[in-house]
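Participant: Here is my input, please return the structure:
(4 chains)
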2 protein chains.
Amino acid sequence: MQELLNHITAFHPLSSEAENALQDCFTKITLAKNDYLLNEGKVCRHLYFLEKGALRGFYNLDGKEITHWFGFEKDFVTSFHSFITGEPAVENIQLIEGCTLWAISKETLADLLNRYHDIERLVRITYEKYYIRLEERYVNAQFKSAKERYENLLQETPYILERVPLGFIASYLGISQETLSRTRSKF
Amino acid sequence: MQELLNHITAFHPLSSEAENALQDCFTKITLAKNDYLLNEGKVCRHLYFLEKGALRGFYNLDGKEITHWFGFEKDFVTSFHSFITGEPAVENIQLIEGCTLWAISKETLADLLNRYHDIERLVRITYEKYYIRLEERYVNAQFKSAKERYENLLQETPYILERVPLGFIASYLGISQETLSRTRSKF
DNA sequence: TAGGGTTTTTGATAAATGTCAAAAATCAAT
DNA sequence: ATTGATTTTTGACATTTATCAAAAACCCTA
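Facilitator: Reported below is the predicted structural model:
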């Protein structure tokens, strides 16, 4: 829990009341490798803070699993589309390693947001951060070659390569596993 | 201005004080086709609401202009990365049609956010909407073929095809103009 | 409506990436 | 260490998309 508070207050200070309220609202969850945090078709009613471990979001397309994001330490994770709209999730969230997570339900969060302008601000700022991070990934995906995307990954987030099977990374980069293997061998 | 207020209050009601304050903080701007709202290298200090017209965000890559987003009526536009971080913009924003815009500076917005929890919420919710919209575009960009991306555009946002030159659309879709032309002729 | 510029299309070819199948390497559990 | 399963690499070939050049179509504006 201290991890969560440290992480949060590092980029936006909270009043001590808000901080206390926040603490009371998160529930600790521990899950094992390969467990699912979310199955497609279900509505994702929680937001999670990932304290320790690694996981992935993926969906099924023509019988293949397409991993489109990873979560690591200090990430907030959820199926944002489902969480925000209340519609069934298109994606699955599955653990790549055993994880320690802190969960908060949408209702509980809404209540916190009502009570504390502080926390509303925190969430707004978090969305800003996540927005520009996604924007960067978007430009990467759309306008760079497979080789460039791999190089970028190597440069920006090399830890992904160390902790995640190649197959997941290939689909994360939007290329076939074979192409990734060949690209990689040229370094 | 009424457009802006209608748009905003349609997805989140505001107290009348907040609404009044908001009105006072936006400045009307009118620009002509081909004018620039932002040049790369400059810090983007404003957020704009696009009341009427169309524009595009693009950056230069190896002497080519890569259009990566469009703005139309009722969109909030800015160089989000620059606006949020305060760093110089990598992109340009140029008008595709003459536009009517409402501008608010980052400082003025910050002040509004401090004074009205309401408005902070509004912004938070707007980021949520924009986040999931971008997420959808991301999945499209990364995991679909040129043909599929074109079909998707045809389906979801056909008005783009009617108002924007083909060259801009091609780079928006991440494909060459020739491929777009060929894809299109097969319908 | 004629001319000049711009945008779009078409053709030929090259480069990048995908697909399928099999071999090689790695890993995990005995 | 050995076996069996999983993951990664390699090879041959097909497909998609890019690139370059030129022709055709489409505006503007006088």
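
Participant: From now on I want contacts and neighbour counts done on CA atoms only, so please keep to that.
Facilitator: OK.

Participant: touching chain B at all, stretch A:126-140?
Facilitator: Yes - using CA under 8 Å from any CA of the partner chain, stretch A:126-140 comes into contact with chain B via A:Y127, A:E128, A:Y131, A:I132, A:L134, A:E135, A:R137, A:Y138, A:V139.

Participant: Also stretch A:71-87?
Facilitator: Yes - using CA under 8 Å from any CA, stretch A:71-87 reaches chain B at A:F80, A:H81, A:I84.

Participant: Looking at the residues you listed, which are in helices?
Facilitator: Among the residues of stretch A:71-87 next to chain B, DSSP state H puts A:F80, A:H81, A:I84 in helices.

Participant: Show the contacting residues for the second one.
Facilitator: With CA atoms under 8 Å, 6 or more residues apart in numbering or on different chains as the criterion, the residues that contact A:H81 are A:E87, A:A89, B:I132.

Participant: Isn't the second one up against A:R45?
Facilitator: No - the pair formed by A:A89 and A:R45 falls short of the contact definition of CA atoms under 8 Å, at 10.1 Å.

Participant: intersection of neighbour lists for these two?
Facilitator: Both A:A89 and A:R45 are in contact with A:S82, where contact means CA under 8 Å, 6+ apart.

Participant: now A:W102, what's its secondary structure?
Facilitator: strand (DSSP: H, G, I helix; E, B strand; the rest coil).

Participant: how about the spatially closest residue to it that is not a sequence neighbour, phi and psi?
Facilitator: In space, and not counting its chain neighbours, A:W102 is closest to A:K28: 4.6 Å by CA to CA, 6 or more residues apart in numbering or on different chains. Torsion angles at A:K28 (phi, psi; degrees, to the nearest 10) stand at phi -80, psi 140.

Participant: Which helix or strand contains the residue of chain A found nearest chain B?
Facilitator: Nearest to chain B, among the residues of chain A, is A:R124, at 4.5 Å (CA to the nearest CA). Using DSSP states H and E, A:R124 maps to helix A:117-143.

Participant: can you give me the helices for chain A?
Facilitator: Counting by DSSP H, chain A has helices at residues A:2-11, A:16-25, A:80-85, A:106-115, A:117-143, A:146-156, A:158-163, A:166-173, A:177-185.

Participant: Which elements pack onto the fourth one?
Facilitator: It refers to helix A:106-115. For helix A:106-115, the contact count by 3 or more CA pairs under 8 Å, 6 or more residues apart in numbering or on different chains; DSSP states H and E identifies helix A:16-25, helix A:117-143 as packing neighbours.

Participant: For A:I169, list the residues it contacts.
Facilitator: So A:I169 contacts A:T67, A:I160, A:L161 (CA under 8 Å, 6+ apart).

Participant: Near the first one, how many other residues are there?
Facilitator: Read that as A:T67. Neighbourhood size, A:T67 [other CA atoms under 10 Å in any protein chain shown]: 22.

Participant: Look up which residues are beta-bridged to it.
Facilitator: Counting by DSSP bridges, A:T67 is bridged to A:F58.

Participant: Can you give me the pLDDT of it?
Facilitator: A:T67 is assigned 93 on the pLDDT scale.

Participant: show me what contacts it?
Facilitator: A:T67 neighbours (CA under 8 Å, 6+ apart): A:R56, A:G57, A:F58, A:Y59, A:F168, A:I169, A:S171, A:Y172.

Participant: Distance check, it against B:D118.
Facilitator: 37 Å (CA to CA, to the nearest Å).

Participant: I figured A:I29 was touching A:W102, is that so?
Facilitator: Yes - using CA under 8 Å, A:I29 is in contact with A:W102, at 5.9 Å.

Participant: These two: which has the busier surroundings?
Facilitator: Applying other CA under 10 Å to A:I29 and A:W102 shows that A:W102 carries more neighbours, namely 21 against 14.

Participant: measure that one to A:L47 for me?
Facilitator: 8 Å.

Participant: hmm, back to that, export the contacts of A:I169 as CSV, with columns for distance to A:K144.
Facilitator: Shown next, in CSV, are the contacts of A:I169 (distance: CA to CA, whole Å):
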residue, distance to A:K144
A:T67, 18
A:I160, 19
A:L161, 19
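
Participant: Pick the one among those closest to B:E19.
Facilitator: Nearest to B:E19, judged by CA to CA, of those is A:T67 at 42.7 Å.

Participant: So which residues on chain A come close to DNA strand D?
Facilitator: A:P165, A:L166, A:G167, A:Q177, A:E178, A:T179, A:L180, A:S181, A:R182, A:R184, A:S185 (CA under 7 Å from any atom of the strand).

Participant: ranking those residues by neighbours, who comes first?
Facilitator: Using other CA under 10 Å as the neighbour test, the residues of chain A next to DNA strand D are led by A:L180, with 20 neighbours.

Participant: so that one sits right up against A:A170, yeah?
Facilitator: Yes - between A:L180 and A:A170 there is a contact under CA under 8 Å: 6.0 Å.

Participant: Next, count neighbours for A:F76.
Facilitator: Neighbours of A:F76 (other CA under 10 Å): 18.

Participant: make that A:R124, sorry
Facilitator: Neighbours around A:R124, by other CA under 10 Å: 21.

Participant: can you pull the contacts of it?
Facilitator: Taking CA under 8 Å, 6+ apart as the test, what A:R124 contacts is B:E120, B:R121, B:V123, B:R124, B:Y127.

Participant: could those go into a markdown table alongside pLDDT?
Facilitator: What follows is the contacts of A:R124, written out as a markdown table (pLDDT from 0 to 100):
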| residue | pLDDT |
| --- | --- |
| B:E120 | 97 |
| B:R121 | 96 |
| B:V123 | 96 |
| B:R124 | 97 |
| B:Y127 | 97 |
